[in-house]
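K.L.:
can you look at this prediction? I've put the sequence above it.
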Amino acid sequence: MSATKAKAVIHDNDGHVDDLLSSMLLWLSPNVDLQAVTITNGDCYAPESFRALLKMATYLGLEGPEIALSEDSVPYPFPDNWRKESRIINDLPIFGDISLKKLYQDGQGRRSETLIKDCLSNSREPVTIVATGPLTNVAKVFEDRPELKDKVEEFVIMGGAIKVPGNVEREDKDGTAEWNIFADPVALKIILDLGVPVKLITLDVTNQLPLNKDFLARLEQQAKTHSASKLALSLWSLVKGYDYYFWDTVTVAAVMDPNIFSFKEIRVNIVTEGASQGRLTTHLFGGRKVKAAIKVNSKAFEDLLLNTLAIR
Ligand SMILES: [Ca+2]
């Protein structure tokens, strides 16, 4: 537990297992003052993930941030068989426990961009925006209100693959791109062009952190006594048997405790079309400066997650 003041944070995400776990971690973290959670119609069906997040907050008895969503399509949509996982999350049996409780938030939810603009306009301190999905809605905020960039402390973004292969496997693409950037490369360009500090969590670093049996065994122990661990276990159980990594959870960890990461300043450009669409290229000169995470202390990372999930 840090003695420093909690950071104001907005979490923009695209509603998959990993994203929702990440919102939960930020919400619980004593180092974070979570102001808003906004859902993009990326690796999910946004209304399904929106409902799931309301249920999660209700289940854990959390308070605070408003939750919003945008149903606009991202320019290059994710595969339907990934997106439909959001329906399964929304129907998790664990939510049977809250059927008699009042839901965390009423109504259909405001639009993501509206909520982000409101949050930034009204904040007295600079806000960290952590994005674990395509940046479609975040980019719209700054296209419409460029002056709001002065309210942003930094962007922490899950996206890209630098020295490792990407994860977009399509016949018409060359395999160099990572999905969040592939889905909306222009949006990342808009964000990088704002000139606000950016930290990137790429596949280079998340590849070092597979979801593993030891971690799940420790979580299972905690789940006996802690509702957040129980909920996290049921979410991660949905991806058991897949080659699953910590992706978005690593990204929010870089906000919760940046000290467990090593970063390196690099210069990047984004390929916005063609076979390499979404690829990040690195340059010695020119390009846009970002801090890319190059290493994480994996033990400290797993402890951070488990300790946070034992708060409730
Ligand atoms: Ca995501």
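P.N.:
Looks like it came in fine.
K.L.:
quick one, strands of the stretch 1-150 of the chain?
P.N.:
If you assign secondary structure with DSSP state E, counting those that start in this stretch, the strands in the stretch 1-150 of the chain sit at 7-13, 32-41, 66-73, 127-131.
K.L.:
pretty sure H283 sits against N269.
P.N.:
Yes: taking Cβ atoms under 8 Å as the definition, H283 is a contact partner of N269 at 6.5 Å. All C-beta atoms are positioned from the backbone trio N, CA, C, and that covers glycine.
K.L.:
need the strands of the stretch 1-150 of the chain in TSV (columns: distance to D257, mean pLDDT and mean neighbour count).
P.N.:
Supplementary listing: the strands of the stretch 1-150 of the chain in TSV, determined by distance: least, Cβ to Cβ, whole Å; pLDDT from 0 to 100; neighbours: other Cβ atoms under 10 Å:
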stretch	distance to D257	mean pLDDT	mean neighbour count
strand 7-13	11	98	27
strand 32-41	10	98	26
strand 66-73	24	98	20
strand 127-131	13	98	26
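K.L.:
ok, which of the ones you listed comes nearest L304?
P.N.:
Put simply, out of those the one that sits nearest L304 is strand 32-41, at 11.9 Å, with distance taken as Cβ to Cβ.
K.L.:
quick one: that closest one to strand 66-73, angle?
P.N.:
Comparing the axes of strand 32-41 and strand 66-73 via axes from the mean of the first three to the mean of the last three Cα atoms, to 10 degrees yields an angle of 20 degrees.
K.L.:
renumber starting at 8 from here on
P.N.:
In the new count, where the first residue is 8, that last one comes out as strand 39-48.
K.L.:
count of neighbours near the closest residue to A239 other than its chain neighbours?
P.N.:
What sits nearest to A239 in space, not counting adjacent residues and going by Cβ to Cβ, 6 or more residues apart in numbering, is L316, at 5.2 Å. Residue neighbour count, defined by other Cβ atoms under 10 Å, stands at 24 for L316.
K.L.:
quick check: phi and psi on L316?
P.N.:
For L316, the backbone dihedrals (degrees, to the nearest 10) come out as phi -80, psi 0.
K.L.:
my read: it touches K237, true?
P.N.:
No: between L316 and K237 no contact is recorded; they are 9.1 Å apart, counting by Cβ under 8 Å.
K.L.:
residue contacts, the residue positioned nearest the centre of the chain?
P.N.:
To find the centre residue of the chain, average its C-alpha atoms and take the closest one (Cα atoms, centre = their mean): that gives T139, at 2.6 Å. Applying Cβ atoms under 8 Å, 6 or more residues apart in numbering, we find T139 in contact with 18-21, 25-26, 29, 165, 187, 254-255, 258-259.
K.L.:
likewise A13?
P.N.:
Under the criterion of Cβ under 8 Å, 6+ apart, the neighbours of A13 are S36, P37, N38, V39, D40.
K.L.:
find the nearest non-adjacent residue to it, please.
P.N.:
For A13, the nearest residue in space outside its immediate sequence neighbours is D40; the separation is 4.1 Å by Cβ to Cβ, 6+ apart.
K.L.:
pretty sure the one you found is touching K14, no?
P.N.:
Yes: using Cβ under 8 Å, D40 is in contact with K14, at 6.5 Å.
K.L.:
count of neighbours near the residue of the stretch 208-319 of the chain found nearest the ion?
P.N.:
When distances are taken as Cβ to the ion, the stretch 208-319 of the chain reaches nearest to the ion at D255, 4.8 Å away. The local packing count at D255 equals 29, with neighbours defined by other Cβ under 10 Å.
K.L.:
the one 3 residues further on now?
P.N.:
Applying the criterion other Cβ under 10 Å, we find 29 residues in the vicinity of T258.
K.L.:
quick one: it from D87, how far?
P.N.:
Note on T258: its distance to D87, by Cβ to Cβ, to the nearest Å, is 24 Å.
K.L.:
and the stretch 158-307 of the chain, which residues reach the ion?
P.N.:
Proximity of the stretch 158-307 of the chain to the ion is assessed by Cβ under 5 Å from the ion, with D255 identified as the residues in range.
K.L.:
which residues does the longest helix belonging to the chain contact?
P.N.:
For the chain, the helix that runs over the most residues, judged by DSSP state H, is helix 53-67. When contacts are defined by Cβ under 8 Å, 6+ apart, helix 53-67 is touched by residues 21-23, 26-27, 30-31, 34-35, 44, 46-47, 69, 74-78, 93-94, 96-97, 99, 101-102, 104-105, 108-112, 116, 234-235, 238, 319.
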